[in-house]
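1. Here is the input, now give the coordinates:
(one chain, ligands or ions: 2)
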Amino acid sequence: MPSESSPRVLLFGAGSVGAVYLWLLSRVASTTAVCRSNYEVVKKDGFIINSKTFGQGIRCKPEVVRNCEEAVSRSSDPYDYIIICSKAIPGLVPKLIAPAVTPGHTAIVLIQNGIGIEDEYAQAYPSNPVISTVVYLPVTQRPAGVIYHGEAEKLQIGAYPSSAPSQHAQAFTELIRSAGGCAEFYDDVQLKRWFKLLVNASWNPICALSLSKDTDVLAASGEAKDVLLAVMLEIRDIAAAYGYTITREEADLQLGRALARIPKNAGIEPSMLQDVQAGRRIEVEAIVGNPIRMGKEKGVACARLEMLYVLAKALDQHIGSG
Ligand SMILES: NC(=O)C1=CN([C@@H]2O[C@H](COP(=O)(O)OP(=O)(O)OC[C@H]3O[C@@H](n4cnc5c(N)ncnc54)[C@H](OP(=O)(O)O)[C@@H]3O)[C@@H](O)[C@H]2O)C=CC1
Ligand SMILES: CC(C)(CO)C(=O)C(=O)O
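-> Ligands and ions are numbered 1, 2, ... in the order given. Here you go, the predicted structure:
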């Protein structure tokens, strides 16, 4: 149970990933959640988490606020951590969290997919630690407040930039472990980001554009498997240009995970597909645009990723204009 001296944690982005970490952290920290569309439901009944990992029907009734201004109005004590679990859409969140970020104190933790997403926080808050994390957590929220979580839960954690002092990232790793979560600390977590991007830059836009689960994409045509692998290898090549080595075998392994699920009919709906289905903007820049721009800077060919970017960007604009 958290005590007076427990860390104070504010969650920004209380969606499916955020709800699971909010519940875990509520065991060891004083937690508050900024909720938007699910505010009324979560304030009244809290979250219900049905998890293949942690158990069914878990109830989590957090302190709920509408925004960061309201969060700080409740106490003059600073937040030790602000955890960002909104979608990684650039340009918005650093300003919105400003009231809750105490200069030189609050650690900003990003639990989000993508590459090149940390810099806007480091620029906006140069005296605050930025903690970058890669998350493996297949999870959905349907309807509001009800979370379904599958079989994996892992956070890979490091300081941003990797040359920054690491004590805050190490302390956050310990905090997640003490809450019962799986957390790994890395001196340079960017390699892990690139490795996860193999999956996200390929599967997320392809499933979102085809409105299909990953296994359905693979089963639909003989060409799909090779195309998916080719997209992953473009990400591998861009990562290599930045000094991060991912082997061909590792790319095969990532693709193999989806192939192995075909006979079990256990397809995954990546978060970008869920976003399109719910009419939400998609993380096209964090997941596809940023790696392409980084690839171009180093002269790496990425024609398949460019095609996905053009299509996913147009889809995102279409959703945004609706
Ligand atoms: N879902 C998954 O299986 C996985 C997701 N990820 C990554 O984790 C991150 C979080 O994803 P996920 O949990 O699925 O996302 P969700 O869309 O489920 O949750 C995002 C939450 O952020 C809230 N939010 C966004 N903008 C604001 C704002 N201005 N003020 C207040 N709240 C806001 C949304 O509120 P509202 O409902 O009002 O829009 C929503 O509750 C993403 O980077 C994703 O790629 C990584 C691994 C797996
Ligand atoms: C890999 C996957 C599908 C689940 O962890 C994911 O990262 C996402 O849905 O964006």
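2. This structure against ligand 2: which residues are in contact?
-> 113, 136, 137, 138, 199, 200, 204, 268, 270, 271 (CB under 6 Å from any ligand atom). Placement of C-beta: from N, CA and C, glycine included.
3. who are the neighbours in contact with the residue nearest to the second one when sequence neighbours are not counted?
-> Closest residue to residue 136 apart from its sequence neighbours, by CB to CB, 6 or more residues apart in numbering: residue 154 at 4.3 Å. Taking CB atoms under 8 Å, 6 or more residues apart in numbering, we find residue 154 in contact with 135, 136, 137, 182, 183, 184.
4. Bridged to residue 157, which residues?
-> Beta-bridge pairing of residue 157, defined through DSSP bridges, involves residue 133, residue 185.
5. count of residues packed around it?
-> The local packing of residue 157 (other CB atoms under 10 Å) involves 26 other residues.
6. my read: residue 78 touches residue 102, true?
-> Yes. Residue 78 is within contact range of residue 102, at 3.8 Å (criterion: CB atoms under 8 Å).
7. Serialize the contacts of residue 154 to TSV and add fields for neighbour count and secondary structure.
-> Output for those, formatted as TSV (neighbours: other CB atoms under 10 Å; DSSP: H, G, I helix; E, B strand; the rest coil):
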residue	neighbour count	secondary structure
135	20	strand
136	14	strand
137	21	coil
182	14	coil
183	21	strand
184	16	strand
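8. Can you say which helix or strand has the residue lying farthest from the centre of the chain in it?
-> Going by CA atoms, centre = their mean, the residue of the chain most distant from its centre is residue 222, 30.9 Å out. Applying DSSP states H and E as the criterion places residue 222 outside every helix and strand.
9. Could you do the one 3 residues further on as well?
-> Element membership for residue 225, per DSSP H and E: helix 224-241.
10. Check the offset of that helix from the chain's centre.
-> 21 Å (CA atoms, centre = their mean, to the nearest Å).
11. quick one: buried residues of that helix?
-> 224, 228, 229, 231, 232, 233, 234, 235, 236, 238, 239 (16 or more other CB atoms under 10 Å).
12. which ones are touching the closest residue to the third one other than its chain neighbours?
-> In other words, residue 229. The shortest distance from residue 229 to any non-neighbouring residue, by CB to CB, 6+ apart, is to residue 255 (5.4 Å). Contacts for residue 255 (CB under 8 Å, 6+ apart) come out as 225, 228, 229, 232.
13. what two of those residues have the greatest distance between them?
-> Across the contacts of residue 255, the longest distance by CB to CB is 11.0 Å; it joins 225 and 232.
14. Check the average confidence over the helix holding residue 225, would you?
-> Averaging pLDDT along helix 224-241 gives 98.
15. And that helix, what does it pack against?
-> Applying 3 or more CB pairs under 8 Å, 6 or more residues apart in numbering; DSSP states H and E, we find helix 224-241 packed against helix 190-210, helix 214-220, helix 248-261, helix 290-297, helix 303-321.
16. Now do the contacts for whatever residue of the stretch 151-300 of the chain ends up closest to ligand 1.
-> Closest contact between the stretch 151-300 of the chain and ligand 1, by CB to the nearest ligand atom, is at residue 271 (3.9 Å). Applying CB under 8 Å, 6+ apart to residue 271 gives the contacts 16, 87, 113, 204, 283.
17. Close to ligand 1: what parts of the stretch 201-322 of the chain are there?
-> Checking the stretch 201-322 of the chain against ligand 1 by CB under 6 Å from any ligand atom, the hits are 271, 283.
18. Low-confidence stretches in the stretch 201-322 of the chain?
-> Within the stretch 201-322 of the chain, the set of residues satisfying pLDDT under 70 is empty.
19. count of residues packed around the residue in the chain that ligand 1 sits nearest to?
-> Closest to ligand 1 within the chain is residue 15: 1.7 Å, counting by CB to the nearest ligand atom. Using other CB under 10 Å, residue 15 has 23 neighbouring residues.
20. Likewise for residue 310?
-> So residue 310, with other CB under 10 Å, has 12 neighbours.
21. Do I have it right that residue 180 meets residue 25?
-> No. The criterion here is CB under 8 Å, and residue 180 misses it with residue 25 at 10.0 Å.
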